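1. Below are the sequence and a predicted model; questions follow.
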Amino acid sequence: MIGASGAIAGVLAAYLRLFPRARVLSIIPFIFFFVVEIPAVVFILLWFGLATWGAGPGVAVWAHVGGFVAGLLLTGMFAAVPPKPRQPRVLEMRIAVGTGRAMEY
């Protein structure tokens, strides 16, 4: 069986690594539907647990695990490193006494 669930696991792992403090809106079905905001870590770990240990027969558990691990590892290799912020250039101006003109330092 070939499916996309391993790739989805990899994308979720990459999201977890890139945005560890993110929060996501989730729909909780319990008689009525409730929309709650939960940390992405909780959502992804619940999904991972249900997709692997809660899976029925015929589900490629190792595809989920492999995709998740690959997403964690490859994100570190391919994620863009943010550039260092430039320090603002401070120009100090002083007026020389008696000359009437500004001088840069």
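-> Everything's here; your move. Residues are numbered from 1 along each chain as shown.

2. Show me the shaky parts of the protein.
-> Within the chain, the set of residues satisfying pLDDT under 70 comprises 1-3, 54-56, 58, 81-83, 90-105.

3. what ranges do the strands span in it?
-> Secondary structure of the chain (DSSP state E): strands at 23-30, 32-39, 93-95, 102-104.

4. I'd like those strands written out as CSV, with distance to Ala9 added.
-> All C-beta atoms are positioned from the backbone trio N, CA, C, and that covers glycine. Formatted as CSV, the strands of the chain follow (distance: least, C-beta to C-beta, whole Å):
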stretch, distance to Ala9
strand 23-30, 16
strand 32-39, 18
strand 93-95, 58
strand 102-104, 58
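
5. Reformat the ones you listed into TSV and put mean neighbour count next to each item.
-> What follows is the strands of the chain, written out as TSV (neighbours: other C-beta atoms under 10 Å):
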stretch	mean neighbour count
strand 23-30	10
strand 32-39	10
strand 93-95	9
strand 102-104	9
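
6. So which of those strands is nearest Leu74?
-> strand 23-30 (21.8 Å; C-beta to C-beta).

7. all helices for this structure, in order.
-> 5-18, 40-52, 61-78 (DSSP state H).
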